[in-house]
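# What would the 3D arrangement of this be:
(one chain, ligands or ions: 1)
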Amino acid sequence: MKGTIHATDLICTHAEADLSTGFLSDEGVRCPLHLSVFNLENGEPQNPPAEIPLRVYNVKIQQDEIYVEV
Ligand code: FES
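Down below sits the predicted model:
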């Protein structure tokens, strides 16, 4: 969702592609290697070949600082 900060694992659950080089859209983050899209709220893959959800982390913004619960 636009204007929202999400924190997820960096590496795709399918074949270890770096998702920071992927593509963001309203659907989520698209893996640059085989194009699975992961929902940024719950990490669920929206299409094959990925089947395993991406880990997502709680984010809190306080006084212009971003905190990620790991
Ligand atoms: S490495 Fe990400 S979908 Fe295959």
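
# For the protein, what lies in contact range of the ligand?
Proximity of the chain to the ligand (CB under 6 Å from any ligand atom) is limited to residues 12, 14-15, 17, 31, 33-34, 36, 49-50. In short, each C-beta sits where N, CA and C put it, glycine included.

# For PyMOL, write the selection for the buried entries among these.
Those of the residues of the chain next to the ligand that count as buried under 16 or more other CB atoms under 10 Å are selected in PyMOL with:
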select buried, resi 12+14+17+31+33+36+50
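
# farthest-separated two in the residues of the chain next to the ligand?
17 and 49 (11.2 Å; CB to CB).

# and for those two, which residues touch both?
Common contacts of residue 17 and residue 49 (CB atoms under 8 Å, 6 or more residues apart in numbering): residue 34.

# Show me the beta-bridge partners of the closest residue to residue 46 other than its chain neighbours.
Nearest residue to residue 46 in three dimensions, chain neighbours excluded: residue 37, at 4.3 Å (CB to CB, 6 or more residues apart in numbering). On the basis of DSSP bridges, residue 37 is bridged to residue 30.

# What does the pLDDT read for residue 37?
The confidence metric pLDDT takes the value 98 at residue 37.

# Could I get the contacting residues of it?
Counted by CB under 8 Å, 6+ apart, residue 37 has contacts 25, 27-31, 45-47.

# residues of stretch 15-31 that come out buried?
17, 19, 22, 28-31.

# ok, which pair from these is furthest apart?
Distance extremes for those: the farthest pair is 17 and 28 at 14.5 Å, using CB to CB.

# where does this structure dip in pLDDT?
By pLDDT under 70, the low-scoring segments of the chain are 1.

# distance of the residue sitting furthest away from the middle of it from the ligand?
The C-alpha centroid of the chain is most remote from residue 63, which lies 24.2 Å away (CA atoms, centre = their mean). For residue 63, the distance to the ligand equals 36 Å [CB to the nearest ligand atom, to the nearest Å].

# all strands of the chain, in order?
If DSSP state E is used as the criterion, the strands of the chain fall at 7-8, 23-25, 28-30, 37-38, 56-57, 59-62, 65-68.
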